[in-house]
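Asker: this is a predicted model, with the sequence first.
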Amino acid sequence: MSNEILSLQINDALFSYPGTPSVLAGLSLRVGLGERVAVLGQSGIGKSSLLRLIAGLEKLSGGEIWIHGEKVSSAQLHVPPEKRRVGMVFQDWAVFPHLTVFENIAFGLQRRGKDVSERSRVGELLTEFELQGLESRMPSTLSGGQLQRVACARALAPKPEILLLDEAFSSLDVSLRQRVRQQVVGALKLEKATSILVTHDLDEAREFADRVFELRHGCLHDASVVSAG
Amino acid sequence: MSLLAKFFILVCVAVFLAPLFALVVEGSGAFFSETLTLSPELLSAYGQNSLLLLLGSVFGAVFFGGVTAYLCARFEFCGRKMLQWLAVLPLGVPSYLVAYTWVDFLVDQGVPGGSLRNLTLTCFIFAFSLSPYIFLPVYVALVSLSGSLIESARLLGRSRLAIVREIEIPLVRPSLFAGALLAAMEVLADFGTVDFMAIDTWSTGIYRSWFGYGDRARAALLALVLLSFSGVILFWEARLRGRASLARTGRNTSDLVRTRMSFRRAFPLILVALVPVLLACVLPLLILVQRSLLSFDVEQWIAVVRPTTATLSLALGSGAVVVCFGFLFAFVLQLCAGRFWNDMVRLATLGYALPGGVIGIGLLVFLAPFSLSGSLVGLVFAYCIRFVTLGTSTIEAGWLTVPRVFEEQARILGCSTLAVLRRVSIPLLQKSLACAFILVCIDIIKELPASMLLRPFNFETLAIRTYNLASDERLAETAPASLLMIVLCVAGVFLAQSLGAFGISENKKAGKNHEQ
Amino acid sequence: MRLNTIFAVLIASSLPLIAHPAEAKKSINVYTTRHYESDQKLASEFEKKTGIAVNIVQIKEASQLIARIIEEKDKSQADVVITADVGNLWRASEAGIFQPLASAAVKKSVPTEFRDPKDNWTGLAMRVRALAYNKEKIKPEQIARMEDIASPALKGRVLVRSSNHVYNQSLAATLLAANGRDAVVGWAKGVTANLARKPQGGDTDQIKAIAAGEGDVAMVNSYYVARLLDSKNPAEKDLMKNTAVVFPNQKDRGAHANISGGGITRSAKNVAHARQFLEFLVSKEGQEIFVSYSKEYPVRADVAIPAVLKSLGQPKLDLKGLSAVGQNTPEAIKILEEAGWR
């Protein structure tokens, strides 16, 4: 193991849902600081489970997960999601319907962000994601693309170690998808955020990520060169 | 869950189980007592009556509630929205009042009383007054079924009836069963109505053992049998629901467009849908109004002022407490995985199936040593045990419509379990909480035996006043109290509906908005 | 949050209830099964006279009331317990919740047969179990005795309420004392065979059934008859047009009476005031309130009874049977039950 601190390190992860064949069978992954990684795979293969394991929403059956040099998951250990400093954008974005855009983005700042002035951080993100002027709108009045950006901004607001994107673009129109993706990648670069995108779209994966993997038979295979099956 | 949280929940469950435990202790004495008691033949007859009543009432309620729900969910006709509002109203009228007024009215019309007090009529009374328990969940389930599901079945050549049979019924079954379960437990726990209708049920057997023979041990034992029976149904229902995998998803469904139907074609179905509300709400109201006008007496109205304020504050205050516990239990069921916790909570919420008087005696044993009998604390506690199921199931049903990702997202954003509840779940559940609160309040307003047994000095509720006057055979004089009781309950139903609490208002629900 | 505000208002509105003002006044606490206007009037008159407030908890079922006192033990707040029917008084007495009345005034006012031999309780007022009948179809001689309603001549014509009710239970208990077990078994079977319909409803319902022609003779309580006769509602008065009332067993042991009575609890904190209250209830003034407000018979001889009761006649009462009612009740219920009298 190198001495350099990695954003994320997964060693031989084992995972299965009760009564089903194993989803992850000894999966390993190392992601450096500021790196963008994409994971490809057919639906139902366990891509989302991988992200949920990193986020701490599921418990590992074996192996280890380290985030920023700290062990967060093993068969014995489970650091709850709220203490992991990860951000996540779900497929359907899960923008809180009862909160305004501003309150949504500021949601994660209220506990961690004492050092960051809440208002200025939200302002920063509103600019980065081109959401100015929408602060006091309710989510029900926003378009899909706007909601997607709110979700990303919200996830990035507390400056997480890793941003997890679970098919975050696939609910958008094809025409919109590329533009939003570019916007998000831009913002990620600006934030120097480490991120992992799960998708079934090879082009999207290539455009988004520095490195692309494919999840097959519970393990990751380098797919930067070969085309996805 | 933290250790502290687990401990807290265990304590709550234990406190809720305490009166049941007192019953077990009391009931076990029955094995050793040699006093006279109900004969086995009589008991089996009582049990048989209870079963018949249960089946008849629940099937009736399912029929009327189900037809109304289907009609309102699938067809568009003149007066549909109105019908949706009306269909819930029988909730506001206690079934014993329906029985009192019907029989009084019919006997006055010259129908021999002897022909009225029978099992069939009693089944109808329950079927009508419990039909909202079926209508509400089934309607909501039907409306939230994906339209594309129905449309594809239609494209595959299924007739409307075939779709009902093959798709809609299987898919709404969990909601249907949950509603039917509440209705069944109401029937089992009822004493006032069956006593008045001269039907000997298991409940009346319990009362007879106790009041007639003065044999509390035997009464407790019979109560435990009733409790185990309800327990079995309850767990069976939970299992069934589990298998139907009513998983929490946030998937939006394409709304099915209601089929237009002319009023004339819809008329027969509308008639069926209107029967419960006309007979179990409007008719009793009219009879009571007529009676109160017939022997109008200002004194009688002045005399109900205090009971009204007492009833109202009691219902609102204890309603809030019951909802808090209901929320706690729903939270355990929703967010704390594990069969153990699930079963614990189901156990703690069994009280709904017990006659209030029986809960009362269990509580008495438990409260008296702390000088809490005859205090409001004791009463509130009794209501908690009796009605927490209603709160829990209502909130749980609401929780099922909130996509789990919201809570997961909140956790990832750094919220502890409590913060998730405070910042996400509770705001999203506002309507369900309000709905639970109002439903519980309505039931507290109607509650009689536990209120009577445990009440403090100089304290009278509308239900107690109504019962006392009715049992003194002064039905006309009950009119002010019973009218006010109905008005309060019906107002509650209206309030709940205008909040969209039952999920049947036309506005889009908040939970749906996140996907557009 | 709008909803939070609503919630807060709701909860606040229930506060006055919880913060019940502690009353510094002199007061006594009464547990009673009775819920009549007369009792409220008596309480308010007593307070007017003595300045002692009467706090009331009313629990309809005597068994529940007794259970509550038993469970509350020494902590019970009750000073006085009042229940209807001798059987219940006996049960309360057996449960040991009373202390001796030790009141000379009560002893002086109430004849011995209306008081507990152990001085645990005193009778307060009475109702008498009578037979109502259709004047056109029954001659009063046919039903001169309670035993007569079991006679085969009345097949399909007898109306009764359920044996769940204490009135029927204690009546059967007095019959047990008077006639013995076998006779009562035969009587209960006879009555059940004579029933016009299954036992149901209250006493007024039986009278209604006579008026409607469902049956010809019914067991009723004097109180309900008097109330109907005195009713301002013409429809109710009409019910009695064709119906007359006879008190049974006037030539032998007398008619069965349901006595309401009261005593002082063992846990009483205000024994003197409690005694004062019971003494007031049996005073001439108190008895007059019972009689005029709830059309009951007084327990003392010097109280005038209202015209409507007079019109029913002053019945001879079966007072010997009363002392055995409590003991006999479970057996009586069993007999009624086995006869199929629901």
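Answerer: Okay, I see it. Numbers count the residues shown, from 1 in each chain, chains lettered A, B, ... in the order given.

Asker: for the residue nearest to A:H78 when sequence neighbours are not counted, grab the count of nearby residues.
Answerer: Leaving aside its sequence neighbours, A:H78 sits nearest to A:K59 (CB to CB, 6 or more residues apart in numbering or on different chains; 5.3 Å). Yep, even glycine has a C-beta here, placed from its N, CA and C like the rest. The number of residues packed near A:K59 is 13, by other CB atoms under 10 Å in any protein chain shown.

Asker: ok, A:K59 to chain B distance?
Answerer: 10 Å (CB to the nearest CB, to the nearest Å).

Asker: if I look at that residue, how far off is A:L77?
Answerer: 10 Å (CB to CB, to the nearest Å).

Asker: spatially central residue for the chain, please.
Answerer: Picked chain A for this. A:L164 (0.8 Å; CA atoms, centre = their mean).

Asker: please go with chain C instead
Answerer: Nearest to chain C centroid, counting by CA atoms, centre = their mean: C:A84, 3.8 Å.

Asker: the residue of the stretch 1-150 of chain B found nearest chain A: neighbouring residues, count only.
Answerer: Per CB to the nearest CB, B:S2 is where the stretch 1-150 of chain B lies closest to chain A, at 10.3 Å. Residues contacting B:S2 under the criterion other CB under 10 Å number 10.

Asker: go on, A:Y17?
Answerer: Neighbours around A:Y17, by other CB under 10 Å: 12.

Asker: now stretch C:301-313 - C-alpha only, PDB.
Answerer: Provided in PDB are the C-alpha atoms of stretch C:301-313 (Å, rounded to 0.1, in the frame of the first residue of the first chain):
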ATOM      1  CA  ALA C 301     -92.600   6.300  55.900                       C
ATOM      2  CA  ASP C 302     -93.200  10.000  56.600                       C
ATOM      3  CA  VAL C 303     -92.500  11.100  53.100                       C
ATOM      4  CA  ALA C 304     -95.400  11.900  50.800                       C
ATOM      5  CA  ILE C 305     -95.200  10.100  47.400                       C
ATOM      6  CA  PRO C 306     -96.200  11.900  44.200                       C
ATOM      7  CA  ALA C 307     -99.600  11.300  42.700                       C
ATOM      8  CA  VAL C 308     -98.300   9.200  39.800                       C
ATOM      9  CA  LEU C 309     -96.800   6.700  42.300                       C
ATOM     10  CA  LYS C 310     -99.900   6.800  44.400                       C
ATOM     11  CA  SER C 311    -101.900   5.900  41.300                       C
ATOM     12  CA  LEU C 312     -99.800   2.700  41.000                       C
ATOM     13  CA  GLY C 313    -100.600   1.900  44.600                       C
END
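
Asker: for that stretch, buried residues please.
Answerer: For stretch C:301-313, a neighbour-count test (16 or more other CB atoms under 10 Å in any protein chain shown) marks C:V303, C:I305, C:L309, C:L312 as buried.

Asker: OK, contacts around the last one?
Answerer: The neighbours of C:L312, taking CB atoms under 8 Å, 6 or more residues apart in numbering or on different chains as the test, are C:A130, C:S222, C:V225, C:A226, C:V245, C:F247.

Asker: name the element the residue nearest to the second one when sequence neighbours are not counted belongs to?
Answerer: This points to C:S222. Take C:S222 and drop its neighbours on the chain: the residue closest to it by CB to CB, 6+ apart is C:V128, 4.4 Å away. If you go by DSSP states H and E, C:V128 is part of strand C:122-134.

Asker: swap in A:L164?
Answerer: strand A:162-166.

Asker: got the domain boundaries for chain C?
Answerer: C:25-126+C:257-312, C:128-255+C:316-338 (automatic domain parsing).

Asker: nearest to B:L171, of these?
Answerer: domain C:128-255+C:316-338 (44.2 Å; CB to CB).

Asker: compute the first-to-last residue distance for that closest one.
Answerer: 26 Å (CA to CA, to the nearest Å).
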